[in-house]
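*Asks:* Please find the sequence and the predicted model below.
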Amino acid sequence: MISQVTGTVIRAGEDWLEIQPRGLGIGLRIFVTEGAATRYASPGVEVTLHTRIHTSDEGPSLFGFENRTEVDAYEALKTVSGVGPRMALRVLSALPAGRLISALNSGDAKALQSVSGIGARTAERLIVELKGKLVGDDTIQAIPDGADEAIEALLALGYSRAEAMEGTAASAKPGMTVEQQISAALTALAKR
């Protein structure tokens, strides 16, 4: 599996970059979001992308992402019936990962339907299957070290992983005991 590519952009298209990895005499065509294709469109630009490979009857295809949140969102989108790798990338092109996660967790079907190829049924299916399963980078970074036990306790109480992480990130402070973290997170979740 090719999990990351670092190299120089040779050419760019609307939704792809051709990258020459350092020290290798090959060029890799990697499908990316339209925003990434625009940002790195200039030949000679150095880029690092997290990648996923997809094989089909037409051969293997590489899909590239700027951060782990995009990778997680892409992988989650592909688990939904009717959403393949190209559709998942189209969703991420139209709705950046943070906005997508917000739309899924708030049940905003209209935002999802703004993506070409996503109708009412698929939008509802995405919400039902992915609500509460994804969290953004800002939430992950806000969780203090040592909050794993508090998150696990909230999961045991029936909260989704996203809710548990968001509640802990919003309320827990470094130096709090596990019990204090759980109490603060429950208070934060109750106010939502």
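*Replies:* Nice, thanks for sending it over.
*Asks:* What distance do you get for V135 to D72?
*Replies:* Counting by C-beta to C-beta, to the nearest Å, the separation of V135 from D72 is 9 Å. The C-beta positions use only the backbone N, C-alpha and C, and glycine is treated the same way.
*Asks:* repeat for H54
*Replies:* On the measure of C-beta to C-beta, H54 and D72 end up 16 Å apart.
*Asks:* So these two - more neighbours on which side?
*Replies:* More crowded of H54 and D72, by other C-beta atoms under 10 Å: D72, with 19 against 16.
*Asks:* Tell me if the more buried one really is in a helix.
*Replies:* Yes - membership of D72 in a helix is supported by DSSP: H, G, I helix; E, B strand; the rest coil.
*Asks:* Grab the nearest non-local neighbour of it.
*Replies:* Excluding its sequence neighbours, the residue lying closest to D72 (C-beta to C-beta, 6 or more residues apart in numbering) is L134, at 6.2 Å.
*Asks:* again, but for V115
*Replies:* Nearest to V115 is A94, by C-beta to C-beta, 6+ apart, at 4.3 Å.
*Asks:* so who does the residue nearest to D72 touch?
*Replies:* 69, 72-73, 76, 100-101, 104-105, 162 (C-beta atoms under 8 Å, 6 or more residues apart in numbering).
*Asks:* For the chain, which segments are assigned as helices?
*Replies:* 34-39, 68-78, 85-94, 97-106, 109-113, 120-130, 137-142, 148-156, 161-171, 178-190 (DSSP state H).
*Asks:* And the residue nearest to V115, how far from R11?
*Replies:* 24 Å.
*Asks:* Equivalent analysis for E152, please.
*Replies:* For E152, the distance to R11 - C-beta to C-beta - is 47 Å.
*Asks:* Give me the number of neighbouring residues for the closest residue to G107 other than its chain neighbours.
*Replies:* Nearest residue to G107 in three dimensions, chain neighbours excluded: I127, at 5.3 Å (C-beta to C-beta, 6+ apart). Neighbours of I127 under the rule other C-beta under 10 Å: 18.
*Asks:* Check what pLDDT I127 gets.
*Replies:* Confidence at I127, expressed as pLDDT, is 93.
*Asks:* Kindly report the same for the one 10 residues further on.
*Replies:* Confidence per residue is given as pLDDT, and for D137 that number is 65.
*Asks:* Touching, V178 and A150? I think so.
*Replies:* Yes - V178 is within contact range of A150, at 5.4 Å (criterion: C-beta atoms under 8 Å).
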